[in-house]
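Asks: Give me a 3D structure for the following:
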Amino acid sequence: MSKINVLHIIPDQNNDVAQQQLFTQLFTLHQNMSTDFVLQALIPAGSQPFKDIPSTTYAGLPELKRAIKQAAPDIVHTHASHELRLMAHKLGIGKTVHTQHSAVSVGFFAKLGSANISNALIASTREARESLLQMGTPLQKIRMVYNGVAAVEKQDGDAFRKRYDIPSDAFVVTCFASSKNSDILFDTAKELPYNVIMLIADTNQPTLQNVRIFDNAENISELINNTNVQIYLLSDDAHAKLFAGMSAGKPTITTKDFDPYIIEDNTNGLVIPSIGAEELDDAITRLKEDPPLYEKLSAGAARCYKERFSAQRMTRDIEKIYRSLLK
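Replies: Model prediction:
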């Protein structure tokens, strides 16, 4: 049986973080995919080529079209960009798959033919699914495939704690995305005891005794290995850091507006009614002062990661979509 040739196209985006997430997902897919498939990638000019995935850079649509025709793929898999999705359809080379990673809005005329320009559509977040529905995509044509991540390996945290002056017996709460809620996080920190340390992503807020500001480029494994609890308040996101934390058994505090498929109250985290300092303080205190509850939610986080958000689970789901198109 001949191998199935899949060509992924990474859009040229202004958001470097978003583009890096796409690169990470594709590399993760490549590492876990069965030998029935061969992956290639077309990436924007100026991007760092993949080490193990055959990749070609492109600058502009004419060059991109030529590269697709030359690759002659069985399946063209576009990401995020409606323009790329439309172009792949018009070229008529192989079957087309499109993954929507976040919520977007398109114009009236783009919506008119949106339902028919891909053979399969993947939504990687709840918000992305709603976005596709608003474009006029039939619900039965959308497949939910959350972006799986590799499990975080355990490592010694002494160097990290020394770098951030974190006592060895401190209870550490980490918020990876803080820009919209930094005031509330700092108000929460003021109510917590000195031995509860809050790690908060890049912010211009003044520091407090029990607050440490970390760079978003910080090693994710180090952060997670030195975290007891995650605070996650953003919903429209690829969730890679959240899933990585779950793989290491880190419970999550979030709100009722967050995707309940990811965080279930009293199963793998605590769901608070709204984003407020008092609510966050109460949830953090519960997890710190109730070891049986913490252990229950920690085990639930690890179990949920394995069942729903692992790299292997994501890969098998996407492989199933690919195979279904070529029957």
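Asks: Tell me the pLDDT of His82.
Replies: At His82, the model reports a pLDDT of 86.
Asks: how close does it sit to Pro44?
Replies: Note on His82: its distance to Pro44, by CB to CB, to the nearest Å, is 16 Å. (Glycine included, C-beta is placed from N, CA and C.)
Asks: out of those two, which sits in the more crowded spot?
Replies: His82 (20 against 16; other CB atoms under 10 Å).
Asks: For the more buried one, give me phi and psi.
Replies: For His82, the backbone dihedrals (degrees, to the nearest 10) come out as phi -70, psi -40.
Asks: Break down the stretch 51-200 of the chain into its helices, ranges please.
Replies: Taking DSSP state H, counting those that start in this stretch to define them, one finds helices in the stretch 51-200 of the chain at 61-71, 82-91, 108-112, 126-134, 158-163, 182-191.
Asks: List the buried residues for the last one?
Replies: Think helix 182-191. Across helix 182-191, burial judged by 16 or more other CB atoms under 10 Å covers 182, 184-186, 188-189.
Asks: what do you get for the fourth one?
Replies: Of the residues in helix 126-134, 126-129, 131-132 count as buried by neighbour count, 16+ other CB under 10 Å.
Asks: Repeat that for the fifth one.
Replies: Residues 160-161 are the ones in helix 158-163 that count as buried (16+ other CB under 10 Å).
Asks: Give me the residues contacting that helix.
Replies: For helix 158-163, contacts defined as CB atoms under 8 Å, 6 or more residues apart in numbering pick out 166-168, 170, 222-223, 225-226.
Asks: repeat that with 10 Å
Replies: 166-168, 170, 172, 197, 199, 212, 214, 218-219, 221-223, 225-226 (CB atoms under 10 Å, 6 or more residues apart in numbering).
Asks: Dump the buried residues of helix 182-191 into a markdown table; add distance to Pro62 and pLDDT as well.
Replies: Shown next, in a markdown table, are those (distance: CB to CB, whole Å; pLDDT from 0 to 100):
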| residue | distance to Pro62 | pLDDT |
| --- | --- | --- |
| Ser182 | 44 | 80 |
| Ile184 | 49 | 88 |
| Leu185 | 48 | 89 |
| Phe186 | 51 | 89 |
| Thr188 | 53 | 93 |
| Ala189 | 53 | 92 |
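Asks: quick revisit: distance to Thr96 and pLDDT added to the buried residues of helix 126-134, as CSV?
Replies: Listed next are the buried residues of helix 126-134 as CSV, based on distance: CB to CB, whole Å; pLDDT from 0 to 100:
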residue, distance to Thr96, pLDDT
Arg126, 23, 92
Glu127, 22, 90
Ala128, 17, 91
Arg129, 19, 93
Ser131, 18, 89
Leu132, 15, 90
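Asks: Out of those residues, the closest to Asp290 would be?
Replies: Lowest distance from Asp290 to the buried residues of helix 126-134 (CB to CB) belongs to Arg126, with 29.6 Å.
Asks: picking that back up, from the buried residues of helix 126-134, pick the one nearest Thr203.
Replies: Glu127 (23.8 Å).
Asks: quick one: the closest one and Asp259 touch, right?
Replies: Yes - if you go by CB atoms under 10 Å, Glu127 and Asp259 touch, sitting 8.3 Å apart.
Asks: ok, the nearest residue to Ile122 once chain neighbours are set aside to Leu29 distance?
Replies: The spatially closest residue to Ile122, leaving aside those adjacent along the chain, is Thr99, at 4.2 Å (CB to CB, 6 or more residues apart in numbering). Relative to Leu29, Thr99 is positioned 11 Å away (CB to CB).
Asks: Pull up the overlap in contacts between these two.
Replies: Contacts common to Thr99 and Leu29, judged by CB under 10 Å, 6+ apart, are 8, 77, 147, 318.
Asks: Between those residues, identify the one with the most neighbours.
Replies: Each of these was scored by neighbours using other CB under 10 Å; the highest score is His77's, at 27 neighbours.
Asks: Tell me which stretches of the chain form strands.
Replies: 4-9, 37-44, 55-58, 75-79, 95-100, 120-123, 142-144, 171-175, 196-201, 211-214, 229-231, 252-255, 269-272 (DSSP state E).
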